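*Asks:* Have a look; sequence and predicted model below, questions after that.
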Amino acid sequence: MLIHNPPVEITGNLLMLGTDEYPLYLFKDGDEAILFEGSVGVVGRLAAEQMAESGVALESIKQLVVPHAHPDHVMAVPLFKELCPGITVVASEAAAGVLAAEKAISFFCKIDGALTDFLLKNGEVGEKHRIDPPADMVIPVDRTIGEGDTLTAGDSTFNVLATPGHSHCSLSFHEENKGILIVSDAASYYMPEGDYWWPNYFTSYPAYVDSITRVAALNAEVLCLGHHGVVKGTASVKAYFGDALAATEAYHQRIVDEIKAGVSVRALAEQLGKEVYQKTQLLPLDFFQKNCGLVIKQSLKHEGITGEEQV
Ligand SMILES: [Zn+2]
């Protein structure tokens, strides 16, 4: 079962907030809460409103966890830092490095602006939800975490797993007793409308496959995705991961076959990017084409295809 259209209560401990494209996950146990995902700036303000409507006290949020340093997962962090007194911003060391780089944050602000325009046009947020860009063009991280670390709230503990492949800095979080698994973008980009998969392995194809295989073996009951909602029920979660792996392997194989058949990297990136863009116009066509170029590069690297064969 796929649950979307936040705000919605997923379990007694877990709320999904934000928008369908950009969900945030509030986990609470007793009087302590952890907010997972740093979202798009404008969606952060919407999520804060949703929390107020759901009776969530902002001061109960002790930690804000950035699962990876991509612009659609971090830009509301400064807002929550301001709204939640004493909140600790948590991310991997690699993510903290990106968030400390002015050049990266300046680029993230541009993407955030484009996503804000899209969300406003679609009526998912209003002008009143706009927030200021981060001061000094950096997003400070208070605690860095990695494989083997834990995050606690009340009596609950999340194990931290390094799940690279989508990005070098991607982390996932597993609360074993409650069967909750939060993966952000580590396990593909799935669009339920049209049943479309975009396997977005931007930094490593084999690491991406290993990460999906690893989190699938946890047999979670609740799978919180970085986009488009939550998969609930052990069988549904298992099926999701099976489909994600199959889609990833098929995408990789298609890339390899087309390049071997003589299609140029550029032409293939343009085609694959066009296909994603046809499904979502969140960002301009060339953004998706550039990112598909990264995916192709990882597939070819894995197959050891270099030099002339790529031209
Ligand atoms: Zn991402």
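*Replies:* Structure received. Numbers count the residues shown, from 1 in each chain.

*Asks:* what's the closest non-adjacent residue to the residue of the stretch 101-250 of the chain found nearest the ion?
*Replies:* Closest residue of the stretch 101-250 of the chain to the ion, C-beta to the ion: residue 185 (3.8 Å). C-beta coordinates here come from the backbone N, C-alpha and C atoms, glycine included. In this structure, residue 185 finds its nearest non-sequential neighbour in residue 226, 4.2 Å apart by C-beta to C-beta, 6 or more residues apart in numbering.

*Asks:* that older thread, hang on, isn't the residue of the stretch 101-250 of the chain closest to the ion packed against residue 171?
*Replies:* No - counting by C-beta atoms under 8 Å, residue 185 sits too far from residue 171 to count as a contact (10.8 Å).

*Asks:* Name the residue in the two with the higher neighbour count.
*Replies:* Between residue 185 and residue 171, residue 171 has the larger neighbour count (other C-beta atoms under 10 Å), namely 28 against 22.

*Asks:* Show me the beta-bridge partners of the more buried one.
*Replies:* When bridges are called by DSSP bridges, residue 171 pairs up with residue 162.

*Asks:* Could I get the contacting residues of it?
*Replies:* The contact partners of residue 171, by C-beta atoms under 8 Å, 6 or more residues apart in numbering, come to 65, 67-68, 91-92, 95, 145-146, 160-163, 184.

*Asks:* buried subset of those?
*Replies:* Buried members of these, counted by 16 or more other C-beta atoms under 10 Å: 65, 67, 68, 91, 92, 95, 145, 160, 161, 162, 163, 184.

*Asks:* can you tell me how far the first one sits from residue 88?
*Replies:* Remark: distance between residue 65 and residue 88 (C-beta to C-beta, to the nearest Å) = 9 Å.

*Asks:* same deal with the second one?
*Replies:* According to C-beta to C-beta, residue 67 and residue 88 sit 15 Å apart.

*Asks:* which residues does residue 180 bridge with?
*Replies:* Counting by DSSP bridges, residue 180 is bridged to residue 175, residue 222.

*Asks:* Excluding chain neighbours, what is closest to residue 30?
*Replies:* Going by C-beta to C-beta, 6+ apart, residue 30 has residue 154 as its nearest residue, at 3.6 Å.

*Asks:* Surely the one you found touches residue 32?
*Replies:* Yes - look at residue 154 against residue 32 with C-beta under 8 Å: they come within range, at 4.9 Å.

*Asks:* tell me the mean pLDDT over stretch 292-299?
*Replies:* The average pLDDT within stretch 292-299 is 97.

*Asks:* for the stretch 1-150 of the chain, what spans make up the strands?
*Replies:* With DSSP state E, counting those that start in this stretch, the ranges of strands along the stretch 1-150 of the chain come out as 2-3, 8-11, 14-18, 23-29, 32-36, 61-65, 88-92, 143-145, 150-153.

*Asks:* Out of those strands, which is closest to residue 280?
*Replies:* Residue 280 lies closest to strand 23-29 among those, at 15.5 Å (C-beta to C-beta).

*Asks:* just to revisit the earlier point, which residues does the residue of the stretch 101-250 of the chain closest to the ion contact?
*Replies:* Counting by C-beta under 8 Å, 6+ apart, residue 185 touches 67, 68, 70, 73, 166, 167, 170, 200, 226, 227.

*Asks:* 7 Å instead?
*Replies:* 68, 166, 170, 200, 226 (C-beta atoms under 7 Å, 6 or more residues apart in numbering).

*Asks:* circling back: mind putting the strands of the stretch 1-150 of the chain in JSON lines, distance to residue 242 and mean pLDDT included?
*Replies:* Formatted as JSON lines, the strands of the stretch 1-150 of the chain follow (distance: least, C-beta to C-beta, whole Å; pLDDT from 0 to 100):
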{"stretch": "strand 2-3", "distance to residue 242": "15", "mean pLDDT": "94"}
{"stretch": "strand 8-11", "distance to residue 242": "22", "mean pLDDT": "97"}
{"stretch": "strand 14-18", "distance to residue 242": "23", "mean pLDDT": "98"}
{"stretch": "strand 23-29", "distance to residue 242": "22", "mean pLDDT": "98"}
{"stretch": "strand 32-36", "distance to residue 242": "24", "mean pLDDT": "97"}
{"stretch": "strand 61-65", "distance to residue 242": "27", "mean pLDDT": "98"}
{"stretch": "strand 88-92", "distance to residue 242": "27", "mean pLDDT": "98"}
{"stretch": "strand 143-145", "distance to residue 242": "29", "mean pLDDT": "98"}
{"stretch": "strand 150-153", "distance to residue 242": "28", "mean pLDDT": "98"}
